[in-house]
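> I'd like to go over a predicted model; first the sequence, then the structure.
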Amino acid sequence: MPIDTACRFVTPSRFGEAAPTSFWRVAPAAAALEASAIREILKVTERPDVLSFAGGAPSPVAFPIEAVRAASDRILRDDPTGALQYGPSEGYLPLREQIAARLTAAGQPTTVANVLVTTGSQQALDLIGKALLAPGVTVLAANPTYVGALQVFALHGTRLAELDDDSAAERAAFAYVTPSFANPTGVSLAAAAQRRLVERLAASNVPLIEDDAYGDLWFDEAPPPGCRAIAPAQVLTLGSFSKVLAPGLRVGYVAGPPPIIALLARLKQGADLHTPSLNQRIVAALIANGTLDAELPRLRSFYKRQRDALLGALDRHLAALADWRVPAGGMFVWLRLKQGRDATALLAEALRRRVAFVPGAPFYFAAADPATLRLSFATVAGERIDEGITGLAAALADAPGA
Ligand SMILES: Cc1ncc(COP(=O)(O)O)c(C=O)c1O
């Protein structure tokens, strides 16, 4: 695909590239699913000549490759049957114990009965959708919100309402938030805001899903313990090893009240029986031998350096053209172009200069601000970030509406 035509995928067709033939009568909910605009952009940005601020992926530089290799060798030597056999749907018991201990240490008292290991935290979202959503049911969320969550909600014919919409709260199935360093905005909920949110939802009997995919990637100060620490009966916390170990392992978890966890475990049986046995053992080994805890400070300072390189480049090249928020952790800077400039139009011009980002539009479920865009500072090499933002500034000078 020529790079400068990539933008036509920003508004995806209903069936993407594979329209069903007459043999296949697609379920209405699946037929209504739109191809992820972000995945379409990423197809282009994976080209090695593109400086991509678009991806949501962690930096491969940070993968603990040798530790994974050693753990995997040891597991296949010492416990080959366990690693290669089916396992319990709830997850590998030692890993569930470790997750419970880590959540407890972080301020959320947790036992094994509270924990379900999932195939990435994305699967937890999918299972929660199946457990709690139905057509016409309302979900409260921030606008904009993580597209992977929006996809799950859309599949169930859910109505979305903004988190602070009190009239919608009365009939909501749940509220969904990313408490720390949200994707896409980088915004976090301070302890007082968490408490206010939990109390407001409790008044309407609404539970909360807190998706904490980025909580471990803080730069200066650890985030507060999370809403589940405030109201354990009302909150499901989602966690992931994708951003701190490696996303290809597909190991995440959901923690919450045992009856809901048991329901999600039953639904998981129909989804994939269980998360891969070998991968769960690898994660458990990297926790047990201290690799994860040794990696975390290194990761935090790596991402902080990357963030600072991006903020420096933005100050030098885009100060007159855009505003942005400084994230205190995570992987994203959320930018707003000045003078009502359109980020989707800018993308075409940026791709011609071999620079990619994600326009804000796909993240909105209600009124969208077309001037917004997301920049990831995770994967562009630190020494090339300035070059990328220089390209973005040049694209902005040439894009329609300049
Ligand atoms: C907010 C948020 N939640 C969940 C996920 C899913 O992560 P995983 O399934 O790899 O744990 C992501 C991935 O980018 C994310 O940004």
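Sure, I can see it. Residues are numbered from 1 along each chain as shown.
> hey, let's count contacts and neighbours off CA atoms from now on
Fine.
> for the stretch 51-200 of the chain, what spans make up the strands?
Using DSSP state E, counting those that start in this stretch, the strands of the stretch 51-200 of the chain run over 51-52, 115-118, 138-141, 159-162, 172-177.
> ignore the last one, the stretch 301-402 of the chain
322-324, 332-337, 355-356, 358-359, 372-376.
> Which of these sits closest to Ala222?
strand 332-337 (17.3 Å; C-alpha to C-alpha).
> which helices and strands sit right next to the closest one?
When contacts are defined as 3 or more C-alpha pairs under 8 Å, 6 or more residues apart in numbering; DSSP states H and E, strand 332-337 packs onto strand 322-324, strand 372-376.
> Could you count how many residues lie near Lys43?
11 (other C-alpha atoms under 10 Å).
> Now it: phi and psi?
Backbone torsions of Lys43, given as degrees, to the nearest 10, read phi -60, psi -40.
> returning to that earlier point: mean pLDDT for the strands of the stretch 51-200 of the chain - can I get that in a markdown table?
Formatted as a markdown table, the strands of the stretch 51-200 of the chain follow (pLDDT from 0 to 100):
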| stretch | mean pLDDT |
| --- | --- |
| strand 51-52 | 94 |
| strand 115-118 | 99 |
| strand 138-141 | 98 |
| strand 159-162 | 96 |
| strand 172-177 | 98 |
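> thinking again about what came up before, let's have the helices and strands packed on strand 332-337 in a markdown table, adding mean pLDDT, distance to Pro257 and mean neighbour count.
Converted to a markdown table, the helices and strands packed on strand 332-337 look like this (pLDDT from 0 to 100; distance: least, C-alpha to C-alpha, whole Å; neighbours: other C-alpha atoms under 10 Å):
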| stretch | mean pLDDT | distance to Pro257 | mean neighbour count |
| --- | --- | --- | --- |
| strand 322-324 | 98 | 38 | 18 |
| strand 372-376 | 97 | 34 | 25 |
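> So which residues of the stretch 251-400 of the chain form helices?
258-272, 277-288, 291-317, 343-352, 385-398 (DSSP state H, counting those that start in this stretch).
> now the second one and helix 291-317, what's the angle there?
Right, helix 277-288. 90 degrees (axes from the mean of the first three to the mean of the last three C-alpha atoms, to 10 degrees).
> wait, does the helix or strand of the chain with the lowest mean pLDDT contact the ligand?
Across the helices and strands of the chain, mean confidence by mean pLDDT, DSSP states H and E is lowest for helix 37-45: a mean of 73. No. Using C-alpha under 6 Å from any ligand atom, helix 37-45 stays clear of the ligand, coming no nearer than 11.3 Å.
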